[in-house]
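Participant: Quick check, what structure comes out for this input:
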Amino acid sequence: AFGIGFCALFDFLSFSHYNMFVMKSAWRLRQALVGILFSKVTKLSQGTKSSYSQGKITNMMSSDVDRLRMSVRRVNDLWLIPMRFCLALYFVVAILGWVPALSGLGVMIVLIPITKKFVKKLRKYQKEILKYTDKRVKITQEVMSGIRIIKLMAWEKSFYDKIGVVRNEEIQKIRVQAIYRALYFSLSMSVPIITVTLTLAVYTIVEGHRLTASTAFPALSLINTLREPLQQLPEVLMALLVEGRVSLDRMNAFMNEEDIALYVERGQAVQKDERVIDFRGGSFRWAPGPKSVWAATARSAQRPGSAA
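Facilitator: Coordinates of the predicted model:
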């Protein structure tokens, strides 16, 4: 009894200590990402800024960063869950034998492709939801920045309807995603029950063993231990492969956008009659992008003190 109590106390203290360090790391990551994104915003070229609205950038700094912060708490579960599962499976095999244990494991393997399809669907709808969220936040911020003109011209109803249309489309996508999420979690939660039933059925009916108390209670305890990782796995996959992956891809695409070219003055002083600018047949544009291109062919040579 003393050993059981000591193990429970040690498990509680070690988990609390681990959770504290993980939360500290997650919040540090959030602050670092917000700083990096803010620094990137100040360096975007003129053409790139036109493709990123203020609402999209704000949503990235709040929602996407928070999803990555929550994903940090689940990173270590990627190796903890398989390790706990393998240890529990080993002890189940030691008590019940290979055939009952592998029959339950076969159910889990058969359901892996179905789980994969659900994850793809959830990731797809997560991307679509974020698009509508960016659009809604953009319109809302435009309304707040021009609220005086809107109140003066009595345009409240028009903008209210405009935001409502975007919000209804967003809610429709959220509703479909919620249906897939419910089906996904229902399937994932039913897997342990099916596994327990099939394992004990094979042990008693197929192999003809008698299910005694000395076998049943340790087996049920180990199968419950086997069930906990399976129940946590959908949450980990949802946090890392759906929400975290989508947010990371959005931030990665934003960070790889073109920066503005910094002006650097180099060289030594020139003579009065020396050319400092000389170009022939040059093509010029204000900023990259199809909407902001202006090209011209020219030939010029400028000297100090002259105007182009």
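Participant: Give me the phi and psi for residue 280.
Facilitator: With angles defined as degrees, to the nearest 10, residue 280 sits at phi -140, psi 130.
Participant: residues contacting the closest residue to residue 226 other than its chain neighbours?
Facilitator: Ranked by Cβ to Cβ, 6 or more residues apart in numbering and with sequence neighbours excluded, the top spatial neighbour of residue 226 is residue 88, at 4.0 Å. Every residue, glycine included, has its C-beta placed from N, CA and C. Contacts for residue 88 were tallied using Cβ atoms under 8 Å, 6 or more residues apart in numbering; they are 222, 223, 225, 226, 229.
Participant: quick one: the second one and residue 92 touch, right?
Facilitator: The one in question is residue 223. Yes: Residue 223 is in contact with residue 92 according to Cβ atoms under 8 Å; the separation is 6.4 Å.
Participant: Overlap in contacts, those two.
Facilitator: Residues touching both residue 223 and residue 92 (Cβ under 8 Å, 6+ apart): 104, 199.
Participant: hey, which helix or strand in this structure has the poorest pLDDT?
Facilitator: None of the helices or strands of the chain scores lower by mean pLDDT, DSSP states H and E than strand 298-302, at a mean of 46.
Participant: quick one on the thing from earlier: for the contacts of residue 88, which one is nearest residue 65?
Facilitator: Ranked by distance to residue 65 (Cβ to Cβ), the contacts of residue 88 are led by residue 229 at 28.5 Å.
Participant: for the host helix or strand of the closest one, which positions count as buried?
Facilitator: Per DSSP states H and E, residue 229 falls inside helix 213-237. Residues of helix 213-237 classed as buried by neighbour count (16 or more other Cβ atoms under 10 Å): 215-216, 219, 222-223, 225-227, 229-230, 232-234, 236-237.
Participant: Show me which pair in these is furthest apart.
Facilitator: Pairwise distances across the buried residues of helix 213-237 peak at 33.3 Å for 215 and 237 (criterion: Cβ to Cβ).
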